[in-house]
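Student: No letters, just coordinates:
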C-alpha cells in the first residue's frame, strides 16, 4: 500500500508561482509512474501532468502546457509540480497519484494510489 501526501498548496495572486510536492509513506515510488490531477468545485477531476518512473517521459494537459513542469527526485522519493504564471482558473484541489504499471497516462483509472489533495487558490 502506498500513501501519498501532497504539500505546497496555498493562496497566490494571478501570475504567481507555487511548487507542489508529493511524497509517499510506506514505500518507495521510484518505480511508479506518477501523475498530478486537479478538481475544481463542481467539476470532475482532470489530468494535469504525468511523469515516467525514470523521469524521461512527461505529458501535460493543454491548459497548463508551458506553465507547469512535473519532475521527480527518486533519491528523495518525491515528485514535484512547479506551477508558474498561475491563473484564477487554476484554482482547485491538486492530487498526486501513483501507477504501478505501464507508461505515462492521463487516465484516472490507470492510477492505483491517490493522495488527499492540497488546495491551490489563485486570486485575480
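Tutor: Perfect, thanks for sending it. As the structure is a computational prediction, the values presented were derived from the model and not from experiment.
Student: Could you check which helix or strand contains residue 116?
Tutor: When elements are defined using DSSP states H and E, residue 116 is found to belong to no helix and no strand.
Student: quick one, what contacts it?
Tutor: 5-6, 95 (CB atoms under 8 Å, 6 or more residues apart in numbering). The way it works is simple: take the backbone N, C-alpha and C, and place the C-beta from them, glycine included.
Student: Quick check: closest non-adjacent residue to residue 67.
Tutor: Counting by CB to CB, 6 or more residues apart in numbering, residue 67 lies nearest to residue 85, which is 4.7 Å off, once chain neighbours are set aside.
Student: SS state for the one you found?
Tutor: With DSSP: H, G, I helix; E, B strand; the rest coil as the basis, the three-state label of residue 85 is coil.
Student: shouldn't it be in contact with residue 13?
Tutor: No: in this structure, residue 85 is not within contact of residue 13 by CB atoms under 8 Å, at 11.4 Å.
Student: neighbour count winner among these two?
Tutor: Using other CB atoms under 10 Å as the criterion, residue 85 and residue 13 rank with residue 85 on top: 13 against 10.
Student: ok, now how distant is the more buried one from residue 64?
Tutor: Distance of residue 85 to residue 64, computed by CB to CB, to the nearest Å: 10 Å.
Student: quick one, what contacts the spatially most central residue of the chain?
Tutor: Residue closest to the mean C-alpha point of the chain, counted by CA atoms, centre = their mean, is residue 36 at 2.4 Å. By CB under 8 Å, 6+ apart, residue 36 lies in contact with 20, 22, 48-50, 70, 79, 81, 94-97.
Student: Which ones among those map onto helices?
Tutor: Taking DSSP state H, every one of the contacts of residue 36 sits outside helices.
Student: By neighbour count, sort out the buried ones in the residues you listed.
Tutor: The neighbour-count test (16 or more other CB atoms under 10 Å) marks 20, 22, 48-50, 70, 79, 81, 94-97 as buried among the contacts of residue 36.
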